[in-house]
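> sequence plus the predicted model coming up.
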Amino acid sequence: MAAVPQVRGVVAPPGIPRENVAYWEDAFRKLTQTDSWRKYLDDNQFENGYQNAAELAKFYDEFTGRMRGILQEAGIKTVR
């Protein structure tokens, strides 16, 4: 049986200016260092998995492939 993580992320349209990406990466990175964020994680039994834009894009690519494989093993047809 495969574990399927709960994934939350913030996405933006393609071509967003790099300075906007950097701004939001910094804002969310700072958020993950607050006591209230740690409490939220603890209260909900979540793991802290902050990733910057490049890391998140790589994760989504890998996650999509892994989920496609799980679905195909279960006999579900995938179209993309």
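Perfect, thanks for sending it.
> can you tell me the SS state at the spatially closest residue to residue 20 that is not a sequence neighbour?
In space, and not counting its chain neighbours, residue 20 is closest to residue 12: 7.3 Å by Cβ to Cβ, 6 or more residues apart in numbering. C-betas here are computed from N, CA, C, even on glycine. Classification of residue 12 using DSSP: H, G, I helix; E, B strand; the rest coil returns coil.
> and residue 12, its phi and psi?
Backbone torsions of residue 12, given as degrees, to the nearest 10, read phi -140, psi 160.
> which residues touch residue 52?
If you count contacts by Cβ atoms under 8 Å, 6 or more residues apart in numbering, residue 52 has them with 25, 29.
> from residue 59, how far out is it?
As judged by Cβ to Cβ, to the nearest Å, residue 52 and residue 59 stand 11 Å apart.
> pLDDT wise, what is residue 7 at?
Residue 7 is assigned a pLDDT of 78 by the prediction.
> how much space between the residue sitting furthest away from the middle of the chain and residue 19?
In terms of distance from the mean C-alpha position of the chain, residue 75 ranks first, at 26.1 Å (Cα atoms, centre = their mean). With distances taken as Cβ to Cβ, residue 75 is found 46 Å from residue 19.
> tally of neighbours for residue 64?
Residue 64 sits with 12 neighbouring residues when counted by other Cβ atoms under 10 Å.
> in three-state terms, label it for me.
Quick answer, by three-state DSSP: residue 64 is helix.
> spit out the contact partners of it.
By Cβ under 8 Å, 6+ apart, no residues touch residue 64.
> in whichever strand or helix holds residue 27, what's buried?
Here residue 27 sits within helix 18-31, counting by DSSP states H and E. Neighbour-count burial for helix 18-31, counted by 16 or more other Cβ atoms under 10 Å, picks out 25, 28.
> and the following helix or strand past it, average pLDDT?
Next helix or strand after helix 18-31 toward the C-terminus (DSSP H and E): helix 35-44. Averaging pLDDT along helix 35-44 yields 95.
> give me the buried positions along helix 35-44.
The neighbour-count check on helix 35-44 (16+ other Cβ under 10 Å) flags residue 37 as buried.
> give the buried residues for the helix or strand of the chain with the lowest mean pLDDT.
The helix or strand of the chain with the poorest confidence is helix 53-73; it has a mean of 91 (mean pLDDT, DSSP states H and E). By neighbour count with 16+ other Cβ under 10 Å, helix 53-73 contains the buried residues 53, 56.
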